[in-house]
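Peer 1: Just the structure for this:
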Amino acid sequence: MDWAGRIWGYIGAGGAVQGFATRYFLWDLIASIVHVNVLGWGSLVYAISALLVTSLGFRLFANYYGLNFILYKLSTPFLNIY
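Peer 2: Residues are numbered from 1 along each chain as shown. As a prediction, the model looks like this:
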């Protein structure tokens, strides 16, 4: 993908992946709000920032880089299985 495709391109599968990730981080935000006394304020700030960054990936100029962020955060669901 060239530089113009990275800025203005959109891939339907990428949008679906970002949709799934946004739903996960929304769930993470709700869980952090409900259990803030157990998880702490750091977890709440993390959930807010991750949801904002993932939601930014729906903007056309950030679609390509939003997927890179999701790949970076791929380990997060496995950390929460306890």
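
Peer 1: which residues does the residue nearest the centre of the chain contact?
Peer 2: Against the mean C-alpha coordinate of the chain, by Cα atoms, centre = their mean, the closest residue is T54 at 3.3 Å. Contacts for T54 (Cβ atoms under 8 Å, 6 or more residues apart in numbering) come out as Q18, A21, T22, F25, G66, F69, I70. Yep, even glycine has a C-beta here, placed from its N, CA and C like the rest.

Peer 1: element containing G66?
Peer 2: Assigned by DSSP states H and E, G66 belongs to helix 63-72.

Peer 1: ugh, typo on my part, it should be R6
Peer 2: Following DSSP H and E, one finds R6 within helix 3-8.

Peer 1: Only the buried residues of that helix, if you could.
Peer 2: Neighbour counts over helix 3-8 (16 or more other Cβ atoms under 10 Å) mark no residue as buried.

Peer 1: now whatever helix or strand comes next after that helix: how far from the chain's centre is it?
Peer 2: Under the assignment DSSP H and E, the closest C-terminal helix or strand after helix 3-8 is helix 12-34. Taking Cα atoms, centre = their mean, to the nearest Å, one finds helix 12-34 lying 6 Å from the centre of the chain it belongs to.

Peer 1: Same question for stretch 59-74.
Peer 2: In terms of Cα atoms, centre = their mean, the centre of stretch 59-74 is found 8 Å from the chain centre.

Peer 1: taking the mean pLDDT, what do you get for that stretch?
Peer 2: Stretch 59-74 carries an average pLDDT of 74.

Peer 1: With just CA atoms, put stretch 56-73 into CSV.
Peer 2: The C-alpha coordinates for stretch 56-73 follow below in CSV (Å, rounded to 0.1, in the frame of the first residue of the first chain):
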residue,chain,number,x,y,z
LEU,A,56,-10.1,7.2,16.0
GLY,A,57,-9.2,4.4,13.6
PHE,A,58,-12.6,4.8,12.0
ARG,A,59,-11.6,8.1,10.6
LEU,A,60,-10.4,7.7,7.1
PHE,A,61,-6.9,9.1,7.7
ALA,A,62,-6.3,6.8,10.6
ASN,A,63,-7.7,3.5,9.3
TYR,A,64,-4.4,2.0,8.4
TYR,A,65,-2.7,3.0,11.6
GLY,A,66,-5.7,2.0,13.8
LEU,A,67,-5.1,-1.5,12.7
ASN,A,68,-1.5,-1.3,13.7
PHE,A,69,-2.6,-0.2,17.2
ILE,A,70,-5.0,-3.1,17.4
LEU,A,71,-2.2,-5.5,16.5
TYR,A,72,-0.1,-3.9,19.2
LYS,A,73,-2.9,-4.4,21.8
